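Novice: Predicted model and sequence follow; I will ask about them next.
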Amino acid sequence: MLFRSRMKKYTIYGMGAALVDTEIQVQDTELNAMGVDKGLMTLVDESRQAELLAQLEGHLVKASHASGGSAGNSMIAAAQFGAPTFMSCKVADDADGAIYVQDLEQAGVAHSMAQRPAGTTGKCLVLISPDAERSMNTFLGISETLSIEQLDPTALADSEYLYIEGYLVTSDTGRAAAIRARELAEAAGVKTVLSFSDPGMVEFFREGLQAMIGSQLDLVFCNRDEALCWGETDDLNTAMERLKPVARHFVVTCGADGALAWDGDTLHEIPPHRVQAVDSNGAGDMFAGAFLYAIGRGEDYATAGRFASLAAGSVVARYGPRLPAADYPALRAEFFGD
């Protein structure tokens, strides 16, 4: 696992919405009947989420009451592979908040949530269709009020990378916290990383994302649809050229076609890890966490991309956004031999 001795305490400082996931397998006809947008993340209020759950009563529930959230999934993955990580997020003093904090701690992710305020922890209803696509209906709960107060400037300055999920753009206070975190990272020489998170974030919150990006980030993660939307084009090569002004490096994931990783000099084609996909929930989060773990231990972008592809392929072959704890060191040993 085998991190070289380093000056910084943490490899990655992550920030994002803390959510507890409930996964349910559905048919496309059910998505249509319920008015759910397939393949996207939709923000809903608590009553709409309860309405959907009531309509789905009797379905087989997978990964019920498992902590989720994009950045949280990535930080847990990186930590399980062996990278020291820290997570800034906000949960309430309720049962779901306790589950979330326990999951972080069991994975070895540091945090500063010893005191949790009253309220309701965010929840994500993840609907998995037969083609393995996930459609998310998210009630942010107390995560909607994540703010600058949740930042830990000392931990951030003592990190190699700052990782921000694009979903924070939907909240005024979350967006402000992301911008402040980027500014603190830049001042401390911490590398800045952003995930676009969802095509809807790019399409509907572009101005806010640009504010989070600032002049230029060190690294952006996005999928093909997000890249095309950002580039306002149907051509992926054109889209990637339009990513270069906002990120010195980037990774574009392309599902079953693998990924493309730009290291600032060379565009690396990353082959897919072919599996029978059953659940795409968490694939991008796993890719980002595994990739950051690999470059954090000194690997180049081509090697990091192949490892991230292996890890993401492993997670889509099973239900839920993460792997059993024992699988992380096994994958690391399989790929790196340590």
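Specialist: Received it, and whenever you're ready, just let me know what you need.
Novice: What's the separation between the residue nearest the centre of the chain and residue 184?
Specialist: For the chain, the residue nearest the mean C-alpha position is residue 70 (2.9 Å; Cα atoms, centre = their mean). Applying Cβ to Cβ, to the nearest Å, the value for residue 70 to residue 184 is 21 Å. To be clear about C-beta, it is placed using only N, CA and C from the backbone, and glycine gets the same treatment.
Novice: related to what we said a few turns ago, and the residue nearest to the centre of the chain, what does it touch?
Specialist: Counting by Cβ atoms under 8 Å, 6 or more residues apart in numbering, residue 70 makes contact with 16, 17, 165, 166, 167, 195, 197, 284, 285.
Novice: tell me the secondary structure for residue 21?
Specialist: Secondary structure, DSSP: H, G, I helix; E, B strand; the rest coil: residue 21 is strand.
Novice: Please name the bridge partners of it.
Specialist: Residue 21 has these beta-bridge partners by DSSP bridges: residue 66, residue 124.
Novice: so what's it up against?
Specialist: Residue 21 makes contact with 63, 66, 67, 68, 123, 124, 126, 281, 320, 321 under the criterion Cβ under 8 Å, 6+ apart.
Novice: isn't residue 231 right up against residue 242?
Specialist: Yes - when contacts are counted by Cβ atoms under 8 Å, residue 231 is listed as touching residue 242 (3.9 Å).
Novice: Comparing the two, which shows the higher neighbour count?
Specialist: Taking neighbours as other Cβ atoms under 10 Å, residue 231 and residue 242 compare with residue 231 leading, 18 against 15.
Novice: ok, and the closest non-adjacent residue to that one?
Specialist: Distance criterion Cβ to Cβ, 6 or more residues apart in numbering; nearest residue to residue 231, sequence neighbours excluded, is residue 239 at 3.2 Å.
Novice: coming back round to it: out of the contacts of residue 21, who's the most crowded?
Specialist: residue 321 leads the contacts of residue 21 on contacts (other Cβ under 10 Å) with 31 neighbours.
Novice: Which residue, other than its chain neighbours, is closest to that one?
Specialist: Using Cβ to Cβ, 6+ apart, the nearest residue to residue 321 is residue 282, at 2.6 Å.
Novice: Correct me if wrong: that neighbour contacts residue 315.
Specialist: Yes - counting by Cβ under 8 Å, residue 282 does reach residue 315; the two are 5.4 Å apart.
Novice: who touches both of these two?
Specialist: Common contact partners of residue 282 and residue 315 (Cβ under 8 Å, 6+ apart): 321, 322.
Novice: which is the next helix or strand following the worst-scoring helix or strand of the chain on mean pLDDT?
Specialist: The helix or strand of the chain with the lowest confidence, counting by mean pLDDT, DSSP states H and E, is strand 61-68 at a mean of 61. Counting by DSSP states H and E, the next helix or strand C-terminal to strand 61-68 is helix 70-81.
Novice: could you give me the average pLDDT of the helix or strand following that next one?
Specialist: With elements assigned by DSSP H and E, the helix or strand that comes after helix 70-81 is strand 85-88. Here strand 85-88 scores 98 as its mean pLDDT.
Novice: Which elements pack onto the next helix or strand after strand 85-88?
Specialist: Later in the chain than strand 85-88, the nearest helix or strand by DSSP H and E is helix 95-107. In this structure, helix 95-107 packs against strand 19-25, strand 61-68, helix 70-81, with contacts taken as 3 or more Cβ pairs under 8 Å, 6 or more residues apart in numbering; DSSP states H and E.
Novice: Apart from its chain neighbours, what residue comes closest to residue 83?
Specialist: Nearest non-adjacent residue to residue 83, counting by Cβ to Cβ, 6+ apart: residue 11, 4.0 Å away.
Novice: and that neighbour, how far is that from residue 221?
Specialist: According to Cβ to Cβ, residue 11 and residue 221 sit 16 Å apart.
Novice: So the two - more neighbours on which side?
Specialist: residue 221 (29 against 25).
Novice: show me the contacts for that one.
Specialist: Residues near residue 221 by Cβ under 8 Å, 6+ apart: 193, 194, 195, 196, 250, 251, 253, 284, 287, 288, 291.
Novice: who's in contact with the fourth one?
Specialist: Each residue near residue 196 by Cβ under 8 Å, 6+ apart is listed here: 166, 202, 209, 220, 221, 222, 223, 226, 227, 230.
Novice: Turn those residues into JSON lines, including pLDDT.
Specialist: Listed next are those as JSON lines, based on pLDDT from 0 to 100:
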{"residue": "166", "pLDDT": "97"}
{"residue": "202", "pLDDT": "97"}
{"residue": "209", "pLDDT": "98"}
{"residue": "220", "pLDDT": "98"}
{"residue": "221", "pLDDT": "98"}
{"residue": "222", "pLDDT": "97"}
{"residue": "223", "pLDDT": "96"}
{"residue": "226", "pLDDT": "97"}
{"residue": "227", "pLDDT": "98"}
{"residue": "230", "pLDDT": "98"}
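Novice: Nothing else from me, thank you.
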